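Colleague: Fold the stuff below for me.
(one chain, ligands or ions: 1)
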Amino acid sequence: MPPAGSLTADQLSFFDANGYLVLESFSSAEEVRAMRDRMAELLAGFDGANSSVFSTKDHQHLKDDYFFKSAENISFFFEEKAFGDDGTLKQPKELSINKVGHALHELDPVFKGFSFSESVASLFSSLGYKRPAVMQSMYIFKQPGIGGEVVPHQDSTFLYTEPPTCTGLWLALEDATINNGCLWAIPGSHKNGLKRRMIRDENGTHFDRPSPSYDIKEFVPLEVKSGALVVIHGDLIHQSFENLSPASRHALSLHVVDTEGCEWSKENWIQRKTAPEPLYAA
Ligand code: FE2
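Modeller: Numbering: from 1, shown residues only. Sure thing, here's the model as predicted:
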């Protein structure tokens, strides 16, 4: 039997044609539970809600600095609608965090275990990666009632290599539905090239050109069960809507690039002090 995570010819041709692929039951219920429990522990230990980094509308340089350093840290980011006008949280912190990132895969044993699992390595081997490395990991909460929308984008905009090699993995840690903010994607849109890049410079970050507009009718919903993995081509146009439902929609996202045969852009927001450890070296 091929190792778990390796893709069949049919799965590879679906991915080539559509730019995404859903792998049901990629993670077991135990593995999902372990990640959710671990995140609950990390949240319980987080005590930064009163920091001016989060609770003020200005202090942009503090926010940029916190964001940039998160590339090699476990950092907490709030939902935009988490704070009231007085700068205090409107609901408990557990229901106010948008995401935690971006180095869970390096610094936390539970998330490292998943990220460096044989299943994930086999998947990238199937996709032809020579020396894949996770560049960022995010635990995304999509909180009930306030879980913010993620506007249409391509992941290579944020994680650019020359030539482009970014692939996103999106692991559902709860059932994701149209109601609680599942992913939506334009099938085949990865064939139309990268539309823009996010550039880091001394003033922070900016996009090199405006986003094209997309017709909502082109998107298909990717409703998946907890434990399913969605593989996302770096050039696929995808988005998710606000979660106005009473159910959260937790997910773990990893972004992987090849570190052989391509170059990590010096203009990317992630500029590491140490080279990332590859999943394997072919
Ligand atoms: Fe994305």
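
Colleague: Find the residue at the geometric middle of the chain.
Modeller: Nearest to the geometric centre of the chain sits residue 253, at 3.5 Å (CA atoms, centre = their mean).

Colleague: and the nearest residue to that one once chain neighbours are set aside, what is it in contact with?
Modeller: Take residue 253 and drop its neighbours on the chain: the residue closest to it by CB to CB, 6 or more residues apart in numbering is residue 138, 4.6 Å away. The way it works is simple: take the backbone N, C-alpha and C, and place the C-beta from them, glycine included. The contact partners of residue 138, by CB atoms under 8 Å, 6 or more residues apart in numbering, come to 99, 100, 101, 102, 104, 252, 253.

Colleague: rerun that using 7 Å as the cut-off
Modeller: By CB atoms under 7 Å, 6 or more residues apart in numbering, residue 138 lies in contact with 99, 101, 102, 253.

Colleague: Can you list which of the residues you listed are found in strands?
Modeller: 99, 101, 102, 253 (DSSP state E).

Colleague: Of those residues, which is the nearest to residue 132?
Modeller: Distance to residue 132 across the ones in strands among the contacts of residue 138 (CB to CB) is lowest for residue 253, with 15.4 Å.

Colleague: so what's the residue nearest to the centre of the chain bridging to?
Modeller: Listed by DSSP bridges, the beta-bridge partners for residue 253 are residue 138, residue 170.

Colleague: Please tell me how far it sits from residue 155.
Modeller: Separation of residue 253 from residue 155 (CB to CB, to the nearest Å) stands at 9 Å.

Colleague: how about the nearest residue to residue 189, chain neighbours excluded?
Modeller: Per CB to CB, 6+ apart, closest to residue 189 is residue 237, 4.1 Å.

Colleague: hmm, back to that, what's the most distant pair in the ones in strands among the contacts of residue 138?
Modeller: 102 and 253 (9.8 Å).

Colleague: can you give me the helices for the stretch 51-200 of the chain?
Modeller: 52-55, 60-69, 104-107, 109-115, 118-126 (DSSP state H, counting those that start in this stretch).

Colleague: Adding mean neighbour count, mean pLDDT and distance to residue 8 as columns, could you present those helices in TSV?
Modeller: Shown next, in TSV, are the helices of the stretch 51-200 of the chain (neighbours: other CB atoms under 10 Å; pLDDT from 0 to 100; distance: least, CB to CB, whole Å):
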stretch	mean neighbour count	mean pLDDT	distance to residue 8
helix 52-55	16	60	45
helix 60-69	14	86	39
helix 104-107	21	98	26
helix 109-115	18	98	22
helix 118-126	20	97	9
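
Colleague: Let me have those helices in TSV, adding distance to residue 29 as columns.
Modeller: Formatted as TSV, the helices of the stretch 51-200 of the chain follow (distance: least, CB to CB, whole Å):
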stretch	distance to residue 29
helix 52-55	33
helix 60-69	33
helix 104-107	20
helix 109-115	14
helix 118-126	15
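
Colleague: And those: which comes nearest residue 185?
Modeller: Of all the helices of the stretch 51-200 of the chain, helix 118-126 sits nearest to residue 185, with 18.1 Å by CB to CB.

Colleague: how about residue 46, what does it touch?
Modeller: 76, 93.

Colleague: Please repeat the previous calculation with a cut-off of 8 Å.
Modeller: 76, 93, 97.

Colleague: Likewise for residue 123?
Modeller: 5, 6, 7, 23, 169, 231.

Colleague: so how far is residue 106 from the second one?
Modeller: Taking CB to CB as the criterion, residue 6 is separated from residue 106 by 24 Å.

Colleague: okay, and for the stretch 51-200 of the chain, where does confidence drop off?
Modeller: 51-58 (pLDDT under 70).

Colleague: ok, 90 please
Modeller: Counting by pLDDT under 90, the stretch 51-200 of the chain has low-confidence residues at 51-66, 78-94, 145-148.

Colleague: So which residues make contact with stretch 151-160?
Modeller: Contact with stretch 151-160 is made by 135-136, 164, 166-168, 190, 194-198, 207, 211, 214, 219, 232, 234-239, 255, 257, 265, 267-270, as judged by CB under 8 Å, 6+ apart.

Colleague: Make a PyMOL selection of whichever of those turn out to be buried.
Modeller: Filtering the contacts of stretch 151-160 down to the buried ones (16 or more other CB atoms under 10 Å) takes a single PyMOL command:
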select buried, resi 135+136+164+166+167+168+190+195+197+198+219+232+234+235+236+237+238+239+255+257+265+268+269+270
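
Colleague: Before I go, just wanted to say thanks for your time.
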